[in-house]
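*Asks:* sequence first, predicted coordinates after that:
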Amino acid sequence: MRLIAPVHARQSVDVVQLGARGDGRTLEHHAINRAITHVARTGGGTVLVPAGRYLCFSIRLASGVALWLAENAVIEAADPARHAGRYDDPEPRGDQLYQDFGHSHWHNSLIWGDGLHDIAIAGLGRIEGCGLTRNGPGSRWHAQRGERPLSMHYMSPAAIAALEPGFQAMRGQGNKAIGLRDCHGVTIERLTIDRGGHIAVLLTGCTRVALDRLTIDAERDGIDLDGVRHATVTHCRVNTPNDDAIVIKSSLAMGHPIDVENIVIRDCTVSGYDRGTMLDGRFGTTQRLAPDRDGPTGRIKIGTESNGGFRDILIEDCRFERSRGLALETVDGGIMEGVTARRLSMADVTSAPIFLRLGHRGRGPEGTGVGAMRDITLSDIQATGIDHPYPLIIAGLQHHPICDVTLARLSLHYRGGGTSEDSARVPEERPDAYPEPSMFGPLPAWGLWARHVEGLGIDGLALSHDGLDARAAIILDRVTQASAQDAPFWPQ
């Protein structure tokens with residue numbers, strides 16, 4: 001057992017001492033919560049969960065406490081439909097208009113903490129979220145064009161309702177493996193999470209965060225950092241075919257916008273293999289579509305929720321496998337600046353390899369204006385097997401261009417197949433649509449398509465494709481102050 005913070009070295013209490021059995025049948029959250037409360041009241045320390053299977057409803061963390069899962073220890077999320085109990089109710093917070101249910105509550109998690117400091121969840125053990133639900137209501141803000149991806153437009157109301165049940169249906173249900181709000185000094189490391197409900201790990205309004213060597217194979221989002229500052233995500237392996245793997249957001253879940261700043265994502269692998277097949281080593285590829293009717297997701301993304309700003313974010317030495325590419329999106333009034341992504345590799349890309357979008361969905365209080373995106377540097381990125389409809393996309397708005405984008409040493413290889421009809425398309429502006437590469441439909445360029453950009457510098461851009469493609473390699477539409485070196489397809 002590794003000591004994580006000085007306070008965690010003060011004592012160690014084994015949950016078996018407080019009545020836990022680890023037999024996979026007994027509900028164990030009462031014993032684990034007793035251990036956490038005891039350690040917190042006696043000066044802090046570590047709560048040890050030894051090898052065994054522990055069936056649990058909500059586990060409540062406390063300041064100064066580390067929850068350590070030993071090797072071969074499994075905390076299994078109980079199922080209210082099968083077991084005699086329920087998860088803590090979602091805390092009453094009034095109308096949550098501008099983000100969905102999953103991002104608006106934390107107490108309805110398998111493991112949760114609220115307003116804590118110096119906490120940790122760590123060890124070589126495992127969390128199995130089989131009793132959690134992936135579903136939950138959408139936001140109560142209704143501007144249908146911007147609330148959901150346009151690819152979901154043809155889904156029936158019944159199909160959407162199945163994914164988004166009402167608030168009352170969520171009482172007693174758990175929909176996150178780990179949910180932390182307003183916590184400071186957070187370490188989560190070395191765990192394996194098999195399934196995780198709506199979000200495997202949600203941190204909101206937290207600071208001084210370290211996530212390291214996590215292995216996650218989840219139904220929806222893997223790691224969500226919402227309104228988080230001073231955080232590192234390192235050496236994590238996250239598989240999420242149905243939603244984003246690692247995502248940085250800036251919603252109004254804390255009741256006010258928070259600028260996200262000083263985030264590092266380093267040496268992580270994200271993917272969209274069939275759920276469960278990353279953990280068992282099969283790496284299945286039978287699932288063709290995510291619930292939004294686009295290809296498997298599994299990517300790193302900044303946005304979509306973007307009421308606050310994003311500043312000083314570094315993504316480096318990461319791998320994307322059978323997933324959508326890197327997405328940077330600000331559409332709810334926030335300013336995104338100082339983002340660097342470098343030394344990324346991508347294989348079997350199910351959408352655009354890179355997607356930069358400044359939009360005006362405006363999900364926020366009346367008067368929410370247009371944000372800004374500037375000072376973006378993308379370098380040393382290689383991508384192969386890219387789905388042909390979507391090139392590298394940089395799309396701002398008329399009168400609100402994306403500013404100062406640098407592309408250096410990019411190598412992008414597409415599958416090809418664009419038609420002459422595709423080459424003649426003039427994509428709509430769609431300023432208020434939910435941001436996804438598919439929002440524009442197949443694009444008239446196969447390699448790079450940029451519109452409403454001010455300051456685009458390229459230093460090395462290698463583009464190639466399989467077979468035939470009738471489209472232009474690069475189209476620049478209302479792009480000013482553009483320059484290129486070592487870009488063979490650059491428009492003359």
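*Replies:* Cool, the structure landed.
*Asks:* residue 300 contacts residue 321, doesn't it?
*Replies:* No. Between residue 300 and residue 321 there is no contact, the gap being 12.0 Å when judged by Cβ atoms under 8 Å. Just so you know, the C-beta spots here come from the backbone N, C-alpha and C atoms, and that holds for glycine as well.
*Asks:* give me the number of residues near the closest residue to residue 244 other than its chain neighbours?
*Replies:* By the measure of Cβ to Cβ, 6 or more residues apart in numbering, the closest residue to residue 244 outside its immediate chain neighbours is residue 301, 4.9 Å from it. A total of 24 residues lie near residue 301 under the criterion other Cβ atoms under 10 Å.
*Asks:* in terms of helices and strands, where is residue 301?
*Replies:* Of the helices and strands defined by DSSP states H and E, residue 301 is found in strand 300-306.
*Asks:* which residues touch the residue nearest to residue 244?
*Replies:* 244, 246, 247, 248, 326, 327, 328, 329 (Cβ atoms under 8 Å, 6 or more residues apart in numbering).
*Asks:* tally of neighbours for the closest residue to residue 190 other than its chain neighbours?
*Replies:* Closest residue to residue 190 apart from its sequence neighbours, by Cβ to Cβ, 6+ apart: residue 213 at 4.8 Å. Counted with other Cβ under 10 Å, residues neighbouring residue 213 total 16.
*Asks:* quick revisit: closest one of the contacts of residue 301 to residue 2?
*Replies:* Nearest to residue 2 out of those is residue 246 (Cβ to Cβ; 23.5 Å).
*Asks:* test my guess that the closest one contacts residue 270.
*Replies:* Yes. When contacts are counted by Cβ under 8 Å, residue 246 is listed as touching residue 270 (6.0 Å).
*Asks:* what is in contact with the two at once?
*Replies:* Among the neighbours of residue 246, those also in contact with residue 270 (Cβ under 8 Å, 6+ apart) are 222, 238, 300.
*Asks:* report the beta-bridge partners for residue 480.
*Replies:* residue 454 (DSSP bridges).
*Asks:* which residues touch it?
*Replies:* Contacts for residue 480 were tallied using Cβ under 8 Å, 6+ apart; they are 401, 453, 454, 455.
*Asks:* by neighbour count, which of those residues wins?
*Replies:* For the contacts of residue 480, counting by other Cβ under 10 Å, the largest number of neighbours falls to residue 401: 26 neighbours.
*Asks:* for stretch 33-48, which residues meet the burial criterion?
*Replies:* Using 16 or more other Cβ atoms under 10 Å as the test for burial, stretch 33-48 gives 33, 34, 35, 36, 38, 39, 40, 44, 45, 46, 47, 48.
*Asks:* tell me how far it lies from the chain's centre.
*Replies:* Computed by Cα atoms, centre = their mean, to the nearest Å, the chain-centroid distance of stretch 33-48 equals 31 Å.
*Asks:* ends of stretch 175-189, how far apart?
*Replies:* Here the two ends of stretch 175-189 are set 21 Å apart, with distance taken as Cα to Cα, to the nearest Å.
*Asks:* what's the answer for stretch 61-77, then?
*Replies:* In stretch 61-77, first residue to last residue: 16 Å (Cα to Cα).
*Asks:* what average pLDDT does that stretch get?
*Replies:* Averaged across stretch 61-77, pLDDT comes to 98.
*Asks:* quick one: it to chain centroid distance?
*Replies:* Going by Cα atoms, centre = their mean, the spacing between the C-alpha centre of stretch 61-77 and its chain's C-alpha centre is 23 Å.
*Asks:* and what of stretch 292-312?
*Replies:* Distance, stretch centre to chain centre, for stretch 292-312: 7 Å (Cα atoms, centre = their mean).
*Asks:* end-to-end on that stretch?
*Replies:* Terminal residues of stretch 292-312 lie 30 Å apart, using Cα to Cα.
*Asks:* pull out the buried positions in it.
*Replies:* For stretch 292-312, burial by neighbour count (16+ other Cβ under 10 Å) applies to 292, 294-312.
*Asks:* repeat that for stretch 362-369.
*Replies:* Of all the residues in stretch 362-369, those buried under the rule 16+ other Cβ under 10 Å are 362, 363, 364, 368.
*Asks:* what's the answer for stretch 426-433, then?
*Replies:* For stretch 426-433, burial by neighbour count (16+ other Cβ under 10 Å) applies to 427, 430, 431, 433.
*Asks:* distance between the ends of that stretch?
*Replies:* Start to finish, the residues bounding stretch 426-433 are 17 Å apart (Cα to Cα).
*Asks:* any idea of the mean pLDDT for that stretch?
*Replies:* Across stretch 426-433, the per-residue pLDDT values average to 95.
*Asks:* and if you look at stretch 135-147?
*Replies:* Average pLDDT, stretch 135-147: 65.
*Asks:* quick one: find the helix or strand in this structure with the lowest mean pLDDT.
*Replies:* Of all regular secondary-structure elements in the chain, judged by mean pLDDT, DSSP states H and E, the least confident is helix 144-147 with a mean of 53.
*Asks:* what helix or strand does residue 462 sit in?
*Replies:* strand 445-465.
*Asks:* tell me what that strand is packed against?
*Replies:* In terms of contacts (3 or more Cβ pairs under 8 Å, 6 or more residues apart in numbering; DSSP states H and E), strand 445-465 is packed against strand 392-395, strand 402-414, strand 472-485.
*Asks:* direction included, what does the host helix or strand of residue 327 pair against?
*Replies:* Here residue 327 is covered by strand 326-330, with elements defined by DSSP H and E. Strand partners for strand 326-330, identified by DSSP bridges, are recorded as strand 300-306 (parallel), strand 354-358 (parallel).
*Asks:* can you lay out those as a markdown table showing distance to residue 5?
*Replies:* Formatted as a markdown table, those follow (distance: least, Cβ to Cβ, whole Å):
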| stretch | distance to residue 5 |
| --- | --- |
| strand 300-306 | 28 |
| strand 354-358 | 38 |
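*Asks:* distance-wise, check the closest residue to residue 425 other than its chain neighbours relative to residue 101.
*Replies:* Closest residue to residue 425 apart from its sequence neighbours, by Cβ to Cβ, 6+ apart: residue 444 at 5.0 Å. For residue 444, the distance to residue 101 under the criterion Cβ to Cβ, to the nearest Å works out to 39 Å.
*Asks:* repeat for residue 192
*Replies:* Counting by Cβ to Cβ, the gap from residue 192 to residue 101 is 26 Å.
*Asks:* between those two, tell me which one has more neighbours.
*Replies:* With neighbours defined as other Cβ under 10 Å, residue 192 and residue 101 compare such that residue 101 has more, 22 against 19.
*Asks:* contacts only, for that one.
*Replies:* Listed by Cβ under 8 Å, 6+ apart, the contact set of residue 101 reads 90, 136, 137, 138, 167, 170, 175, 198.
*Asks:* from the residues you listed, which would you call buried?
*Replies:* 90, 136, 137, 170, 175, 198.
*Asks:* helix, strand or coil for the third one?
*Replies:* Right, residue 137. The three-state label given to residue 137 by DSSP: H, G, I helix; E, B strand; the rest coil is coil.
*Asks:* with adjacent residues omitted, what lies nearest to it?
*Replies:* Once its chain neighbours are removed from consideration, residue 137 has its nearest residue in residue 101; the separation is 4.3 Å (Cβ to Cβ, 6+ apart).
*Asks:* alright, that wraps it up for me.
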